[in-house]
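Chemist: 3D model of this:
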Amino acid sequence: MERALHIDGLKIAVVHDWLVTFAGAEKVLEQIITCFPNANVFSVVDFLPENDRRKIAGKRATTTFIQKLPKAHTHYQLYLPLMPLAVEQLDLSGYDIVLSSSHAVAKGVLTGPDQLHISYVHSPIRYAWDMHHQYLRDAGFERGVKSGLARLIMHYMRIWDARTASGVDTYIANSEFIRRRIRKAYGREAKVIYPPVDVAGFTLREDKEDFYLTASRLVPYKKIPMIVEAFQSMPERKLVVIGDGTDMKKCRHLAGSNVEILGWQSFSVLKEYMQRAKAFLFAAEEDFGIIPLEAQACGTPVIAYGKGGVLETVRDLGGEKPTGILYREQTPMALRDAILRFEKENRKIVPHHCRENALSFSPEKFRRALLNYVDESVHRWIQV
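Modeler: Prediction:
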């Protein structure tokens, strides 16, 4: 693996928002630590299961006072109003380079003029910026005392997030979509380095079975109930849903006999269904969205809501080597129309092209791009 030539002898700190589950942001952290194995890790809380900790070289994070607060293990997000204060208490003064991996507060750590702070931003705080009103609706906080409190907290978070933007020397965005968000929220430019997708962990399968698949945490912004509702008007078509979360009850209520809800499943089961499905359905507005690329790595086309990072990962019908279909509205009718179009024109989508597209987002490509960018940034920093 390539290495950044200008960092020899420099002490590196890696700051991550929180370590609780191993999801998309943690997959990025895994590759950051692979690039910089001698770095020390810092986080607001660290409750990562031991089987996942092995993926980050067994490292344990230096944490904040939130780690010891009541029910922090299971309800850490309730302490979001305290996280700006908490992350500012992390003492990074002994490090030359700070790499933050941030979708909430990690970028707000305090650094000095003789330290280089590079922030890989998965997104500016979504619920504080452009998705503020959607989150209030999804949480049922549009009116009342809870609404007022939530709006006040998010107002405070926006002020803090904007103020701390100047503490970052250089930004990396996980997509062009997030690069635009960074410019809007912070008034700063960013280098785009796409997140790593474990393409090698998925196998191409060209013969598909007669069902559609969606897989996700069942939380409001993922819009899984909307996908289930779309199949009410298509009883002759089968949908398989993998995942668990707060929208499970709603999904079960909307599901007809043609919808199979499997709940949480292991990676091996998820991978098998991805390989067999005729298409993968995706309804969220995501910053990037790794799972549509994992489906494509199996040779499975993606039918996705055409907004956000998915515009950079799914090639729509009509373009060269298409890998799926993008629909323009988050409604059951729009999704149904996209499925009908897919069934008419899916011969234009070749499984091999789907996997070929996914290969361009490999971990190796991510590590190479990150190392080169950090090396160039350190070189400029040393010369100043």
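Chemist: list the buried residues in the helix or strand harbouring residue 83.
Modeler: Under the criterion of DSSP states H and E, residue 83 resides in helix 83-88. Going by neighbour count (16 or more other Cβ atoms under 10 Å), the buried part of helix 83-88 is 83, 84, 86, 87. In short, each C-beta sits where N, CA and C put it, glycine included.
Chemist: could you find the closest non-adjacent residue to the third one?
Modeler: This points to residue 86. Excluding its sequence neighbours, the residue lying closest to residue 86 (Cβ to Cβ, 6 or more residues apart in numbering) is residue 64, at 3.7 Å.
Chemist: residue contacts, the one you found?
Modeler: By Cβ atoms under 8 Å, 6 or more residues apart in numbering, the contact list for residue 64 reads 43, 44, 45, 86, 87, 89, 90.
Chemist: from these, which is closest to residue 247?
Modeler: residue 45 (25.0 Å; Cβ to Cβ).
Chemist: in this structure, which spans are helices?
Modeler: Using DSSP state H, the helices found in the chain span residues 24-35, 50-53, 72-75, 83-88, 132-138, 145-164, 176-186, 224-230, 248-254, 267-276, 291-297, 332-345, 351-359, 363-383.
Chemist: tell me which of these is the most buried.
Modeler: helix 291-297 (a mean of 27; mean count of other Cβ atoms under 10 Å).
Chemist: pull that one out as PDB, backbone CA atoms only.
Modeler: Backbone C-alpha positions of helix 291-297 (Å, rounded to 0.1, in the frame of the first residue of the first chain) are rendered in PDB as follows:
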ATOM      1  CA  ILE A 291     -25.700  -0.100   0.100                       C
ATOM      2  CA  PRO A 292     -26.800   0.700  -3.500                       C
ATOM      3  CA  LEU A 293     -23.100   0.100  -4.500                       C
ATOM      4  CA  GLU A 294     -23.000  -3.200  -2.500                       C
ATOM      5  CA  ALA A 295     -26.100  -4.300  -4.500                       C
ATOM      6  CA  GLN A 296     -24.400  -3.300  -7.700                       C
ATOM      7  CA  ALA A 297     -21.300  -5.300  -6.700                       C
END
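Chemist: elements contacting that helix?
Modeler: Helices and strands touching helix 291-297, by 3 or more Cβ pairs under 8 Å, 6 or more residues apart in numbering; DSSP states H and E, are strand 279-282, strand 302-305, helix 351-359.
Chemist: point to the helix or strand of the chain where mean pLDDT is at its lowest.
Modeler: Ranking every helix and strand in the chain by mean pLDDT, DSSP states H and E puts helix 132-138 at the bottom, with a mean of 68.
Chemist: in the protein, where is pLDDT below threshold?
Modeler: Scanning the chain for pLDDT under 70 picks out 1-6, 128-133, 135-136, 138-139, 141, 384.
Chemist: domain assignment for it?
Modeler: 5-196+362-383, 199-359 (automatic domain parsing).
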